[in-house]
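>>> can't give you the sequence, but here's the structure:
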């Protein structure tokens with residue numbers, strides 16, 4: 001991958017095949033929406049769960065899909081065979097770095113601890129003025145309500161500044177993502193000045 005793929009969006013999501021079908025449907029729809037808008041999808045490279053649904057949705061619309069997969073998962077044969085590009089990296093840390101460094105924005109679908117880690121790392125780097133792009137959280141089935149409440153608690157308890165609440169946008173579904181990306185408040189490295197209270 002080059003420095004940043006034009007219009008690339010990193011999508012964080014799950015590989016679980018056991019969750020409610022609404023989550024997979026939202027992932028597939030997000031892939032369709034991003035591809036139709038000419039956005040490159042950068043994701044974890046798997047063919048299963050929401051990851052596979054996301055990639056399938058984008059590819060079905062002729063989209064460009066870049067997967068980034070740790071070697072140990074490739075060895076388990078979970079990689080998607082139809083991607084535009086598949087980058088095999090050594091570990092999860094390299095995967096996260098490559099995905100974020102190649103993208104202009106982040107979208108988080110519902111997921112488990114891996115999705116939480118990726119999302120919170122992006123939020124942390126934005127708070128520090130390292131990553132400056134939009135972050136959109138898709139709140140399918142109100143899944144992220146506890147996390148949103150936790151963010152609010154972090155502000156009320158003075159672990160974060162109220163201005164930090166502008167670092168992400170929360171939307172109900174995939175069709176709301178593009179407007180959220182377009183309307184995200186600008187963010188720049190000056191955010192470092194209020195990284196601590």
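Thanks, I have it. Please read all numbers here as calculations on a predicted model, not as lab measurements.
>>> Tell me the helices and strands packed up against the helix or strand containing residue 96.
Element membership for residue 96, per DSSP states H and E: helix 92-101. On a contact count with 3 or more C-beta pairs under 8 Å, 6 or more residues apart in numbering; DSSP states H and E, helix 92-101 meets strand 65-70, strand 85-89, helix 113-127. Where C-beta positions appear, they are placed from N, C-alpha and C, glycine not excepted.
>>> any idea of the mean pLDDT for the second one?
Per-region confidence: strand 85-89 scores 97 on mean pLDDT.
>>> got it, and stretch 9-29?
pLDDT averaged over stretch 9-29 gives 97.
>>> quick one: buried residues of it?
Judged by neighbour count using 16 or more other C-beta atoms under 10 Å, the buried positions of stretch 9-29 are 9-16, 19, 23-29.
>>> Among those residues, which are located in strands?
9-12 (DSSP state E).
>>> my read is residue 106 is in a helix, agree?
No: judged by DSSP: H, G, I helix; E, B strand; the rest coil, residue 106 forms no part of a helix; its state is strand.
>>> Can you name the residues that contact it?
Shown in contact with residue 106 (C-beta atoms under 8 Å, 6 or more residues apart in numbering): 9-12, 100, 119, 122, 131, 133-136.
>>> In terms of distance to residue 55, which of those residues ranks first?
Residue 55 lies nearest to residue 11 out of these, by C-beta to C-beta, at 9.3 Å.
>>> That closest one reaches residue 43, doesn't it?
Yes: counting by C-beta atoms under 8 Å, residue 11 touches residue 43, with 4.7 Å between them.
>>> Mutual contacts of the two, please.
By C-beta under 8 Å, 6+ apart, the residues touching both residue 11 and residue 43 are residue 54.
>>> can you give me the helices in the protein?
21-36, 49-60, 71-75, 92-101, 113-127, 145-156, 177-183 (DSSP state H).
>>> Now do the longest one against strand 65-70, angle only.
Okay, so that is helix 21-36. Counting by axes from the mean of the first three to the mean of the last three C-alpha atoms, to 10 degrees, helix 21-36 points 120 degrees away from the direction of strand 65-70.
>>> what angle sits between helix 21-36 and helix 49-60?
Using the same axes, to 10 degrees, helix 21-36 lies at 30 degrees relative to helix 49-60.
>>> What is the nearest of the buried residues of stretch 9-29 to residue 76?
Nearest to residue 76 among these, with distances taken as C-beta to C-beta, is residue 15, at 10.5 Å.
>>> which residues touch the closest residue in space to that closest one that isn't next to it in sequence?
Nearest residue to residue 15 in three dimensions, chain neighbours excluded: residue 49, at 4.0 Å (C-beta to C-beta, 6 or more residues apart in numbering). Residues in contact with residue 49, defined by C-beta under 8 Å, 6+ apart, are 13-17, 19, 24.
>>> Among the residues you listed, which one sits closest to residue 65?
residue 13 (12.8 Å).
>>> residues near residue 82, how many?
Using other C-beta atoms under 10 Å, residue 82 has 13 other residues around it.
>>> do the same with residue 55
29.
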